[in-house]
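Q: 3D model of this:
(2 chains)
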Amino acid sequence: MTNNKTDAETRSQSLLAWAGWKLLMPSEWQPLKLEGNPEKGQIIVGDSTCAMFVVKWERPGRRARSDGEKWVAQRLKKHGVLPQDNPPAADRFTSCGWVNGLQTEEGKETAYWYAYSEEANLVLGVNVNGVLPNHIRKKIIRDVLPTIEAFSPEEYSLWSMYDVSFRAPAGYELSQRHLFSGDIALEFAKNKTDTLMMRQVYPGDLALSRKDHEKWLRSYPFKEHRRVRRDSVRIQRWQHSSRSELSGIQKTAWKRLSPPLGWCAPRKTRAFSVHDSERNRLLVVEHMSKNECDSTVCVNALEMMNSEN
Amino acid sequence: MFKKEKTIKSPAARRAALDGRPLQTPPVRTEEKDDKLYVTVKFRRPKWQKFLGAEDTCQRTFGLDLYGRRVYESCNGKRTVNAIVKNFANANSISIPEAEMAVTKFMRTLMMKGLIAMEMEK
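A: This next block holds a predicted model:
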């Protein structure tokens, strides 16, 4: 019975992960607005009627890294309040502080939560909307804030919203994003010579009824300067060795700049377009590199898609 | 004078809309072809067409793909929009906010084309 309850609770929550942090929130809520980049930015979370809370993040420079506790205290001082005891998720961060029940207008209260993680080199802040009814504010404090975690980018980076998740290998940083309902794509770059694009389109059978795998591989979601050299294209069918639900095609090719710069900085590319029949999603991965593109990077990216949900 | 009035979407209005029960309007005929459902309904012509001498009503046929068909067929006057959204989200492994956006937008189109009508609680 306990297990059933836990399963039900898991289904009723969805994972939101971005730029080195993650949290769980009710599945009816969604990110409403996303601003910034992996270094500094904010996400406003809410439902179709109003904003619930905002998550702000920033990666401090080397000088500011030394004293996270001071930074947290300064943030709270700006609000003109003293930090309260027992901030949620304090055990997961180097320093953490919060203030709850700060009155904004008659009968309405807000909460501010700040934390610093030395391991992830990340400062985080959550501001709860001050005009929310008390039961929703309490829900955020009880169910959402304790689930916040920051993770070190040295292992991998996790990106998740709308029940869609991606895991980028260490060293790859988010460079571009394409977030549409039913079509989510992220592009990561490493050392200016490697890019890794991951995309999920759903429902998968609908996507494939409109365009086949080859056409999906041709329609890159971001603007690119290089074009595929047609005579270098090799396409073959692909089936995952152990997961029978993953099948599609694999394409290798050279991408070059338009003439007369075709000789300059060509890139080798390996792309997969795969239908995940279990989740009914079309998964597209493309790895472009100056050197040889190993299929391991793409296959790992495919395997780790939606592994968190 | 020509300024468009702002429509305020309050949480109460949204809840009322989600509690509405959509039902199919009686079609003139339905036909299945190539995995698609073709629904023919009577359509009231716009005033300008009538002014130019056209008849009051005409027949129009709309093709629904697998997903559109599922939503259309679940509009039976018994299930609420909310229930249809949740069912659609579960059946297609998508999040509820995304399903709500897609289903409500599609239902609005169906209503505009006269394929369904919405029964609201008083």
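
Q: and the helices in chain B?
A: B:11-18, B:47-51, B:66-73, B:81-91, B:96-112 (DSSP state H).

Q: least reliable of these going by mean pLDDT?
A: Across the helices of chain B, helix B:11-18 has the smallest mean pLDDT, namely a mean of 77.

Q: what are the buried residues along that helix?
A: Within helix B:11-18, the residues scored as buried using 16 or more other CB atoms under 10 Å in any protein chain shown are B:17-18. Heads up, the C-betas are built off the backbone N, CA and C, glycines and all.

Q: can I get that helix in PDB? Just the C-alpha atoms.
A: Only the C-alpha atoms of helix B:11-18 are listed here, as PDB (Å, rounded to 0.1, in the frame of the first residue of the first chain):
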ATOM      1  CA  PRO B  11      -9.100  31.200 -12.500                       C
ATOM      2  CA  ALA B  12     -12.800  30.700 -12.000                       C
ATOM      3  CA  ALA B  13     -13.600  31.000 -15.700                       C
ATOM      4  CA  ARG B  14     -10.800  28.600 -16.500                       C
ATOM      5  CA  ARG B  15     -12.100  26.000 -14.000                       C
ATOM      6  CA  ALA B  16     -15.600  26.400 -15.400                       C
ATOM      7  CA  ALA B  17     -14.300  25.900 -18.900                       C
ATOM      8  CA  LEU B  18     -12.400  22.700 -17.800                       C
END
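
Q: near chain A, which residues of chain B show up?
A: Chain B comes close to chain A at residues B:9-11, B:14, B:65-67, B:92-98, B:100-102, as judged by CB under 8 Å from any CB of the partner chain.

Q: buried ones only from those residues, please, as a PyMOL command.
A: Burial among those is assessed by 16+ other CB under 10 Å; the matching PyMOL selection reads:
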select buried, chain B and resi 67+92+93+94+95+96+97+98+100+101+102
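
Q: establish whether stretch A:158-174 and chain B are in contact.
A: Yes. Where contact is defined by CB under 8 Å from any CB, part of stretch A:158-174 touches chain B, namely A:162-163.

Q: now do the SS call for residue A:231.
A: helix (DSSP: H, G, I helix; E, B strand; the rest coil).

Q: wasn't residue A:75 part of a helix?
A: Yes. Checked against three-state DSSP, residue A:75 lies within a helix.

Q: my read is that it contacts residue A:124, right?
A: No. Using CB atoms under 8 Å as the test, residue A:75 is too far from residue A:124 to be in contact (10.4 Å).

Q: overlap of the contact sets of those two?
A: residue A:114 (CB atoms under 8 Å, 6 or more residues apart in numbering or on different chains).

Q: sheet partners, orientation included, of whichever helix or strand residue A:285 is part of?
A: Secondary structure from DSSP states H and E places residue A:285 in strand A:281-289. According to DSSP bridges, strand A:281-289 forms sheet pairs with strand A:194-201 (antiparallel), strand A:267-276 (antiparallel).

Q: leaving out the residues flanking it, which one is nearest to residue B:50?
A: Of all residues not flanking residue B:50 in the chain, residue B:56 sits nearest, at 6.4 Å (CB to CB, 6 or more residues apart in numbering or on different chains).

Q: ok, which residues in chain A are in contact with chain B?
A: A:14, A:27-30, A:47-50, A:162-163, A:181-182, A:202-203, A:205-206, A:209, A:279-281.

Q: are any of those residues buried, and if so which?
A: Listed as buried from the residues of chain A next to chain B are A:14, A:27, A:29-30, A:47-48, A:162-163, A:181-182, A:202-203, A:206, A:279-281; burial here means 16+ other CB under 10 Å.

Q: buried set for stretch A:93-107?
A: A:93-100, A:102.

Q: just the ones in strands from the residues you listed, please.
A: Among the buried residues of stretch A:93-107, the residues falling in strands (DSSP state E) are A:95-100, A:102.

Q: where does confidence bottom out across the buried ones among the residues of chain A next to chain B?
A: residue A:48 (78).

Q: quick check: closest non-adjacent residue to that residue.
A: Using CB to CB, 6+ apart, the nearest residue to residue A:48 is residue B:14, at 6.2 Å.

Q: then residue A:243?
A: Using CB to CB, 6+ apart and skipping residues adjacent in sequence, the residue nearest residue A:243 is residue A:303, 7.4 Å away.

Q: repeat that for residue A:246.
A: Here the residue nearest residue A:246, using CB to CB, 6+ apart, is residue A:240, at 3.9 Å.

Q: just to revisit the earlier point, rebuild the ones in strands among the buried residues of stretch A:93-107 as JSON lines, extending it with pLDDT.
A: Converted to JSON lines, these look like this (pLDDT from 0 to 100):
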{"residue": "A:95", "pLDDT": "88"}
{"residue": "A:96", "pLDDT": "90"}
{"residue": "A:97", "pLDDT": "90"}
{"residue": "A:98", "pLDDT": "91"}
{"residue": "A:99", "pLDDT": "89"}
{"residue": "A:100", "pLDDT": "87"}
{"residue": "A:102", "pLDDT": "82"}
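
Q: switch those residues over to JSON lines; also include distance to residue A:69.
A: Compiled in JSON lines, those are given as follows (distance: CB to CB, whole Å):
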{"residue": "A:95", "distance to residue A:69": "4"}
{"residue": "A:96", "distance to residue A:69": "9"}
{"residue": "A:97", "distance to residue A:69": "8"}
{"residue": "A:98", "distance to residue A:69": "13"}
{"residue": "A:99", "distance to residue A:69": "16"}
{"residue": "A:100", "distance to residue A:69": "19"}
{"residue": "A:102", "distance to residue A:69": "21"}
